[in-house]
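Chemist: got a predicted model here, sequence first, then my questions.
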Amino acid sequence: MNHFSPEPAPGLRAGDFRRICDNGFGDRHNGYAYSSVWFKDHLLVGTSRANLCLLKFAMPFVRIDTWPVDCPHLNYSPAFEQTAARGEIWRYSPTLDQWARSYQSPMILDPDGTEYSRDLGYRAMTVFQGASDDEPVVYCASWSRSRGRGPEILRSADGSRFETLANPRFRSHRDDLVVTAIRALTPYKGRLFTAPTGASKGNVNGAWNSLVFATEDPVSGVWYSVNDPGFDAPPEVVVVYDLAVCHGYLYAGTGGVNGFQVWRTDAAGEPPFRWEKILSGGAGRGALNQGTVSMRAFKDCLYVGTGIQNGGHDRRLNVGPAAAEIVRIHENGDWDIVVGSARDGKEPISGMGAGFDNYFCGYIWRMGEHQGWLYVGTMDWSIILRYVDLIHKPHRSARLLAKAGVEEFIALQGGFDLWRTCDGENWIPVTRTGFGNPYNYGCRNIVSTPHGLFIGTANPFGPSVAVQSDGVWEYRDNPHGGLEILRGRTESV
């Protein structure tokens, strides 16, 4: 007997979306809609700022022939700290169609008396009710500075006022690194789970720590390891990158030199819990599936989006370039290639290769479910071609692209992709051009609400961007720079 799922509501198309914020809330240093959550009939968005300047300061191994944005101030200079480096949290009322800033990173002093921004951004956000909470509240985790004391946990009962909690002080397994970021905050069975994600010295996506932590009471600041002594040792695992709940389990996705792993636990008994390894070796693709950038439960399967850090080409570890994949995991541990390269007797069930047949898809960055559809947003780095001297590159394909016309290519290709599916096999593009803005190179958040589907972008190309005129590069004001928030809904909503 065949069983049919009910027809989902009509999926959203590009024309169903409108911008409710552009230019980074009026400040184009706001480059990423880093985290987001729906809370008490409002949308909350945590930003990160001046991302490409920070990349230039912290990761000299990332080389672009012409740096895309103007970075006139050095890292930790007073002007940079006050104007560019202070992460923010914004709150949107759909009823009033109004934004208000709820929080801005405080300025603090280091031991030498230098003032700097405590938080560069807010990388994780969730709703959870801990032991000290009378009702569900918002918890938010920061991306901290390398000279600071590590990531902070913020708490808000109303979304408009945030307090800083006792700091958990997570540590790297390497004594020379300071943990700087938390990327996942995931409630499961009465606990809030997380894992250190970033560390100092340019390790934005590697904490060199394979521990998962939990707490029943974030207000207390007491977190404990639930997988001690951790997952496989480096280089197999250098970070636990994402957490998700599916099939009644807590899943943890990692990143490592030889490809991602996926583990799961039912969190039974007392910690440390028993964990089962479900996938390893990047699901048979090795290092080209370096990490689990996104994970999402959808219709009885866990969908896992992959990526290679630094936009699909990890120059430090010499991985890539390669486009990202989607695999899905069934409750019994079987898995499918959804979007990707055929291997191990498996063909992609969508019929599409890595990156949705897009070589420039560096990450499957975010997934979200809305009205019976799974929406998947990518990171597309084709805009960077504008700042690369392709004519003098050794690869023939680069020289051919230069002659064919980079600007024409960016007009057709530039900007992230957003796709949707109701079954994991048949996919429909919503946009392949970042909703018409090639500087929107990433879909950073997807949030389903009663007021529609909200998309938060990554657009760090501001305030000024490099422009070439008569063979000379100069920095000019970019009216299309800064993160954007779009709301999609059909007229029936």
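Modeler: Right, received. Where do you want to start? Numbers count the residues shown, from 1 in each chain.

Chemist: any stretches of the stretch 1-150 of the chain with poor pLDDT?
Modeler: Applying pLDDT under 70 to the stretch 1-150 of the chain flags the ranges 1-7.

Chemist: all strands for it, in order.
Modeler: Along the stretch 1-150 of the chain, counting by DSSP state E, counting those that start in this stretch, strands occupy 17-21, 30-39, 42-49, 88-93, 98-104, 107-109, 115-117, 119-128, 137-144.

Chemist: can I get the third one as PDB, trimmed to CA atoms?
Modeler: Backbone C-alpha positions of strand 42-49 (Å, rounded to 0.1, in the frame of the first residue of the first chain) are rendered in PDB as follows:
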ATOM      1  CA  HIS A  42       9.600  39.600  16.800                       C
ATOM      2  CA  LEU A  43      12.600  38.600  14.600                       C
ATOM      3  CA  LEU A  44      16.000  38.900  16.300                       C
ATOM      4  CA  VAL A  45      19.200  39.200  14.300                       C
ATOM      5  CA  GLY A  46      22.700  39.100  15.600                       C
ATOM      6  CA  THR A  47      25.300  40.700  13.300                       C
ATOM      7  CA  SER A  48      29.100  40.400  12.700                       C
ATOM      8  CA  ARG A  49      31.000  43.300  11.300                       C
END
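
Chemist: shift numbering so it begins at 84
Modeler: Let's use 84 as the start, then, which means that last one is strand 125-132.

Chemist: for it, which outside residues touch it?
Modeler: For strand 125-132, contacts defined as C-beta atoms under 8 Å, 6 or more residues apart in numbering pick out 107-108, 112-121, 167-177, 185, 203-206, 208, 221, 223, 226, 242, 528, 530, 532, 537, 539, 566, 568. No exception for glycine: its C-beta is placed from N, CA and C like everyone else's.

Chemist: if we can go back for a sec, so for Ser424, which of the strands of the stretch 84-233 of the chain sits nearest?
Modeler: Across the strands of the stretch 84-233 of the chain, Ser424 has its closest neighbour in strand 113-122 (28.9 Å, C-beta to C-beta).

Chemist: identify each buried residue in that closest one, please.
Modeler: Neighbour counts over strand 113-122 (16 or more other C-beta atoms under 10 Å) mark 113-122 as buried.

Chemist: and Pro143, its phi and psi?
Modeler: Pro143 adopts backbone torsions of phi -60, psi -20, taken as degrees, to the nearest 10.

Chemist: and the residue nearest to Asn509 when sequence neighbours are not counted, how many neighbours does it have?
Modeler: In this structure, Asn509 finds its nearest non-sequential neighbour in Ser433, 7.4 Å apart by C-beta to C-beta, 6 or more residues apart in numbering. The local packing of Ser433 (other C-beta atoms under 10 Å) involves 21 other residues.

Chemist: show me what contacts the closest residue to Ile172 other than its chain neighbours?
Modeler: Leaving aside its sequence neighbours, Ile172 sits nearest to Tyr186 (C-beta to C-beta, 6+ apart; 4.1 Å). Going by C-beta under 8 Å, 6+ apart, Tyr186 touches 171-172, 237, 244-245.

Chemist: ok, Tyr271 next?
Modeler: Taking C-beta under 8 Å, 6+ apart, we find Tyr271 in contact with 328, 333, 350.

Chemist: relative to Ala297, how far out is it?
Modeler: Counting by C-beta to C-beta, to the nearest Å, the gap from Tyr271 to Ala297 is 8 Å.

Chemist: of the strands of the stretch 84-233 of the chain, which stretch is the most buried?
Modeler: Ranked by mean neighbour count under mean count of other C-beta atoms under 10 Å, these are led by strand 125-132, which reaches a mean of 28.

Chemist: and the angle from that strand to strand 202-211?
Modeler: Per axes from the mean of the first three to the mean of the last three C-alpha atoms, to 10 degrees, the angle that strand 125-132 makes with strand 202-211 is 150 degrees.

Chemist: how big is the angle separating strand 125-132 from strand 100-104?
Modeler: 70 degrees.

Chemist: now strand 125-132, how far from the centre of its chain.
Modeler: 13 Å (C-alpha atoms, centre = their mean, to the nearest Å).

Chemist: coming back round to it: now tabulate the buried residues of strand 113-122 in JSON lines and tack on distance to Gly285.
Modeler: Below are those laid out as JSON lines (distance: C-beta to C-beta, whole Å):
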{"residue": "Asn113", "distance to Gly285": "22"}
{"residue": "Gly114", "distance to Gly285": "18"}
{"residue": "Tyr115", "distance to Gly285": "17"}
{"residue": "Ala116", "distance to Gly285": "23"}
{"residue": "Tyr117", "distance to Gly285": "18"}
{"residue": "Ser118", "distance to Gly285": "22"}
{"residue": "Ser119", "distance to Gly285": "26"}
{"residue": "Val120", "distance to Gly285": "29"}
{"residue": "Trp121", "distance to Gly285": "34"}
{"residue": "Phe122", "distance to Gly285": "33"}
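
Chemist: wait, which of these is closest to Pro151?
Modeler: Distance to Pro151, by C-beta to C-beta, is smallest for Gly114 among these, at 11.2 Å.

Chemist: follow-up on the earlier one: of the contacts of Tyr271, closest to Ser547?
Modeler: Nearest to Ser547 among these: Val328, at 42.4 Å, using C-beta to C-beta.

Chemist: give me the number of residues near the closest one?
Modeler: Other residues close to Val328 by other C-beta under 10 Å number 17.

Chemist: distance check, the closest residue in space to it that isn't next to it in sequence against Arg102.
Modeler: Leaving aside its sequence neighbours, Val328 sits nearest to Tyr271 (C-beta to C-beta, 6+ apart; 5.3 Å). Distance from Tyr271 to Arg102, counting by C-beta to C-beta: 35 Å.

Chemist: still on that earlier bit, so which of the contacts of Tyr271 is the closest to Val302?
Modeler: Once C-beta to C-beta is applied, the member of the contacts of Tyr271 that ends up nearest Val302 is Ala350, at 20.9 Å.

Chemist: tell me the secondary structure at that closest one.
Modeler: Three-state assignment for Ala350 (DSSP: H, G, I helix; E, B strand; the rest coil): coil.

Chemist: check Lys360 too.
Modeler: Secondary structure of Lys360, per three-state DSSP, is strand.

Chemist: show me the contacts for it.
Modeler: Contacts of Lys360 by C-beta under 8 Å, 6+ apart are 314, 344-346.

Chemist: so how far is Asp241 from it?
Modeler: Using C-beta to C-beta, one obtains 41 Å as the distance from Lys360 to Asp241.

Chemist: Tyr307 now?
Modeler: Between Tyr307 and Asp241 the computed distance is 29 Å (C-beta to C-beta).
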